[in-house]
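Student: A structural model of the following input is requested.
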Amino acid sequence: MSGISLGKKIISEDMPCYIIAEMSANHAGKLEYAKEIIYKSKEAGANCIKTQTYTADTITLNSDKEYFLIDSGTWKGEKLYDLYKKAYTPWEWMEELKYEAEKIGLDFLSTVYDKTSVDFLEGIGTKFYKISSFELNDIPLLEYVGSKNKPIIMSVGMGTFVEIKEAIDTINRKGNSDICILKCCSAYPPEYSDMNLLTIPDLKEKFRCNVGLSDHSITDISALTAVSLGAKVIEKHICLSRDIKTPDSAFSLEPREFKNMVDNIRNVEMSLGHIEYGVSKREKYNTRFKKSIFASKDIKQGDVFTTENIKVVRPKYGISPKYYNLLLGKQAEEDISFGEPIKLSH
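Tutor: Residues are numbered from 1 along each chain as shown. Here you go, the predicted structure:
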C-alpha cells in the first residue's frame, strides 16, 4: 500500500503514527479558547489540529419532529439543530485558526459535511479533508470531495463492509486513491467492549490502505492498543479543561493527558521496533549470564565427568550446555577446581 503525503508528513507503514488533535466544540464558542487549544495540541506532540466545518443549517433541519430528537447517550434530550448550533465552529475563524496552526508547525484539517463546506475550505487552501463516520453513506459528498484530488481521512464507524467498500470505490472512481480509513466506534463515549480493535489489521488487509483509529473513549488505552495493531493515525478529542463544559468535553483529553498519550504512543512504537533475533545492544552485557558447564566439585586429572562433579549453571564462561550429555563419561585431561568453567581443553 502506498503512503499519503500531508505536506511534509507522510502516513505510511514505515513512518511514525500521525496524531490528530480534534478540537470539535471544545472552544466553547470563544476564539481565544480555539487558539489556545491549537497551542496546547502542539505542546502535547500532536501533528495536526482538526476542526469541523458545518453550521446547524448545513448539517440538519430545524425541526421538532421526533426524528430530530436525541433520546439517549451523552446528548439525550437535545434536538439535533440546537446541539449543532452550540457545537459548531464559526467559519470566519477557520482561516485564522489555519494560520495559527501552520505558523507553529501543525497541519490543519477539517471535517466536511456538504458541498458548501468543501467549497469554503478549498477557498482557504485546505490541503486534505476528513470525512466523519456519519457521512460515510453520503455518496454525493464523497464524489465531490474525491474530485478535489486531495488526501482524505475517512472514519468508518457504523459502516458495514459493503458501505465501507462503496465509499472507497466512490472516491477511487474520481481518480483519488489517497485514502486513510479510521476504525471508529461512534458512541460518545464508547465502552471498551465496543471498540473491536482487531478490526484494524482486518481493514488493512481487506482494503489495502493505511488504517488508523478515531477514538472517543475516555482514556488512551484504545489508542495505544490500536498502534500496536498497526494503526498509523490516531484522532483524539482535546480540550483545555473538562471543567469548561461543551458538547464534547466529557470524552476529551486535557492537554496533560493528551501529551501522556502521545508519549505513550511513541514508546509503543519504539517497543514494537522491527523483527530481530539475537542480541540487542543493551542485552550484550547480560549475555554473560546465560548458562554453561562448570565444575561443581574439585576434579582431578583422569577423573570421569559425572552428574556429581559438573553442572549447568549461570554464567556463560564454560562450554555450552548442549554438550553436557556428551561430556558425561569422558575423562578430565587436567585438574579442575570447584567453580571453574569447563573448557574444551579440559
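Student: Could you measure from the closest residue in space to Lys115 that isn't next to it in sequence over to Ile181?
Tutor: Distances taken as Cβ to Cβ, 6 or more residues apart in numbering put Tyr144 closest to Lys115, at 5.4 Å, once the chain neighbours are dropped. For the C-beta atoms, the positions are set from N, CA and C on the backbone; glycine is no exception. When distance is defined by Cβ to Cβ, to the nearest Å, Tyr144 is 18 Å away from Ile181.
Student: all strands for the stretch 151-300 of the chain, in order.
Tutor: 152-155, 179-184, 210-215, 233-237, 292-295 (DSSP state E, counting those that start in this stretch).
Student: where exactly do the helices run in the protein?
Tutor: 31-44, 56-59, 80-87, 91-103, 115-123, 139-146, 161-173, 199-207, 221-228, 255-272, 324-327 (DSSP state H).
Student: List the buried residues in the longest one.
Tutor: By that I understand helix 255-272. For helix 255-272, burial by neighbour count (16 or more other Cβ atoms under 10 Å) applies to 255, 257-259, 261-262, 265, 268.
Student: Need those in CSV (columns: pLDDT and distance to Tyr285).
Tutor: Output for the buried residues of helix 255-272, formatted as CSV (pLDDT from 0 to 100; distance: Cβ to Cβ, whole Å):
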residue, pLDDT, distance to Tyr285
Pro255, 98, 39
Glu257, 98, 37
Phe258, 98, 37
Lys259, 98, 33
Met261, 98, 33
Val262, 98, 32
Ile265, 98, 29
Val268, 98, 26
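Student: before we move on, back to that, which one, of the strands of the stretch 151-300 of the chain, ends up nearest to Lys35?
Tutor: Nearest to Lys35 among the strands of the stretch 151-300 of the chain is strand 233-237 (17.2 Å), distances taken as Cβ to Cβ.
Student: by contact count, what packs against the closest one?
Tutor: strand 18-22, strand 152-155, strand 179-184, strand 210-215, helix 221-228, helix 255-272 (3 or more Cβ pairs under 8 Å, 6 or more residues apart in numbering; DSSP states H and E).
Student: Now do the last one: distance to the chain's middle.
Tutor: What separates the centre of helix 255-272 from the centre of its chain is 9 Å, taken as Cα atoms, centre = their mean, to the nearest Å.
Student: picking that back up, mind giving me CSV with the buried residues of helix 255-272 and columns for distance to Lys297?
Tutor: Formatted as CSV, the buried residues of helix 255-272 follow (distance: Cβ to Cβ, whole Å):
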residue, distance to Lys297
Pro255, 65
Glu257, 61
Phe258, 62
Lys259, 59
Met261, 58
Val262, 58
Ile265, 55
Val268, 50
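Student: what residue ranges in this protein are flagged as low confidence?
Tutor: 1, 7 (pLDDT under 70).
Student: just the helices of the chain: most buried one?
Tutor: helix 221-228 (a mean of 21; mean count of other Cβ atoms under 10 Å).
Student: send the alpha carbons of it over as CSV?
Tutor: What follows is helix 221-228, C-alpha atoms only, in CSV (Å, rounded to 0.1, in the frame of the first residue of the first chain):
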residue,chain,number,x,y,z
ILE,A,221,-5.8,2.5,26.3
SER,A,222,-7.6,2.0,23.0
ALA,A,223,-5.2,4.4,21.1
LEU,A,224,-2.2,2.5,22.4
THR,A,225,-3.7,-0.8,21.6
ALA,A,226,-4.5,0.4,18.1
VAL,A,227,-1.0,1.5,17.4
SER,A,228,0.3,-1.9,18.5
